[in-house]
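Colleague: sequence and computational prediction follow.
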Amino acid sequence: MPSEETPEGRSPEQPQGPQPPVEPRIEARRNEVRSRRRLRVWITLGIVAVLFAIGFWITQSPLLDVDEVEVIGAQRTGADKVLEVAGVDPGVPLLGLDLSGPRKSVAALPWVDQVRASRTWGGKVTFDVTERSAVAQIPVGGQWAVIDLQGRVLQINSTSWELPVVLFGPVPEPGDWLAGAALPLLKVSEALIPLQGDGIEAISWDDGRMMVDLPGDVRAYWGGQDDPRGKAIVLATFLARVDLHCFELIDLSIPELPALTPIDDCP
């Protein structure tokens, strides 16, 4: 048969014969290089495994556990209550400890206004609590609900506090909030705290007007929410310097021009 030719007119390349033997030293060198490469791979894998094991051991060991939980500034709430609701106990691993949940739980306590939660790698977790300030008390079925300026019910006591009395309802459980209509009364109460004990009996709404009940039959019409401190100073002046037994109303709506309404036929 005629021999098959390539397109260029040449015969296809014939299989090569046996390769000449490789120099033993070259083959040994190749094998040594391959062995070193495999050894480096195994050493690298071993180092990674050891580091992973050490890291896992450290995260689970007492070296990175919570050793101490500190509470700052919870005089009304009590440190024990903060620790109870936070649920962070000594021995808990620091790595992976999410403080957002405990912080929200502490912030939900009635007296708590703000709370900052932090930790150190030395094993200390701290809850720094800022508490609310009471500005009024509301009588509730023989008890007294203590309220802050934002209308939050802080606690309910069997005894009264040295705070102005606000007449308002309904009053929810501690930790909940009064209706918005209570907020103007609470601002008046805050302004009158320095006068508590000087004849301030109660603060309330009366036909849409904010009124302050004084000893006897005297009442003070507060007016709007403007200048509460100025109105409190004027009222304190009247209480200290004026005999009010022949007057029924003090108009404080314009503190620069207060007015007195006398009682008819006062003896």
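Modeller: Sure thing, it's come through. Numbering: from 1, shown residues only.
Colleague: name the residues that touch the helix or strand hosting A220?
Modeller: A220 belongs to strand 219-221 when elements are defined using DSSP states H and E. With contact meaning C-beta atoms under 8 Å, 6 or more residues apart in numbering, strand 219-221 is reached by 209-214, 235, 248-253. All C-beta spots, glycine's among them, are computed from the backbone N, C-alpha and C.
Colleague: also stretch 66-83?
Modeller: Taking C-beta under 8 Å, 6+ apart as the rule, stretch 66-83 contacts 86, 88-94, 97, 106, 109-112, 119, 122-131, 154-155.
Colleague: write the PyMOL selection for whichever of those are buried.
Modeller: Listed next is the PyMOL selection for buried residues among those, using 16 or more other C-beta atoms under 10 Å:
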select buried, resi 86+88+94+97+106+109+110+111+112+123+125+127+129+131+154+155
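Colleague: after the helix or strand of the chain with the lowest mean pLDDT, next one along is what?
Modeller: Least confident helix or strand of the chain, by mean pLDDT, DSSP states H and E, is helix 24-60 with a mean of 65. Heading C-terminal from helix 24-60, the first helix or strand you meet, by DSSP H and E, is strand 68-72.
Colleague: partner strands of that following strand and their direction?
Modeller: Strands adjacent to strand 68-72 in the sheet, as given by DSSP bridges, are strand 124-131 (parallel).
Colleague: how far does the strand it pairs with sit from its chain's centre?
Modeller: Its chain's average C-alpha position is 10 Å from that of strand 124-131, according to C-alpha atoms, centre = their mean, to the nearest Å.
Colleague: next one: stretch 145-160
Modeller: That offset, for stretch 145-160, works out to 20 Å (C-alpha atoms, centre = their mean).
Colleague: can you name the residues bridging to P93?
Modeller: Under the criterion used (DSSP bridges), P93 bridges to D65.
Colleague: ok, it touching D65?
Modeller: Yes - the criterion here is C-beta atoms under 8 Å, and P93 meets it with D65 at 6.0 Å.
Colleague: what's the burial count for T120?
Modeller: 11 (other C-beta atoms under 10 Å).
Colleague: state the pLDDT value of it.
Modeller: With respect to pLDDT, T120 scores 89.
Colleague: measure it to L97 for me?
Modeller: Using C-beta to C-beta, to the nearest Å, T120 is found at 12 Å from L97.
Colleague: which non-adjacent residue is nearest S133?
Modeller: D148 (6.1 Å; C-beta to C-beta, 6 or more residues apart in numbering).
Colleague: and if you look at A134?
Modeller: Beyond its immediate neighbours in the sequence, the residue positioned closest to A134 (C-beta to C-beta, 6+ apart) is V146, lying 4.7 Å away.
Colleague: partners of the one you found in the sheet?
Modeller: Q137, Q155.
Colleague: now do the same end-to-end measure for stretch 117-133.
Modeller: Stretch 117-133 has an end-to-end distance of 21 Å (criterion: C-alpha to C-alpha, to the nearest Å).
Colleague: same question, stretch 114-132
Modeller: Stretch 114-132 end-to-end distance (C-alpha to C-alpha) = 9 Å.
Colleague: got the contact list for it?
Modeller: 64-77, 82, 86, 88, 94, 97, 99-100, 102-103, 106-107, 111-113, 148, 150, 152, 154.
Colleague: any quick PyMOL command for the buried ones out of those residues?
Modeller: Selecting the buried subset of these in PyMOL, with 16+ other C-beta under 10 Å as the burial test, is done by:
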select buried, resi 64+65+66+69+71+73+74+76+77+82+86+88+94+97+99+102+103+106+111+112+148+152+154
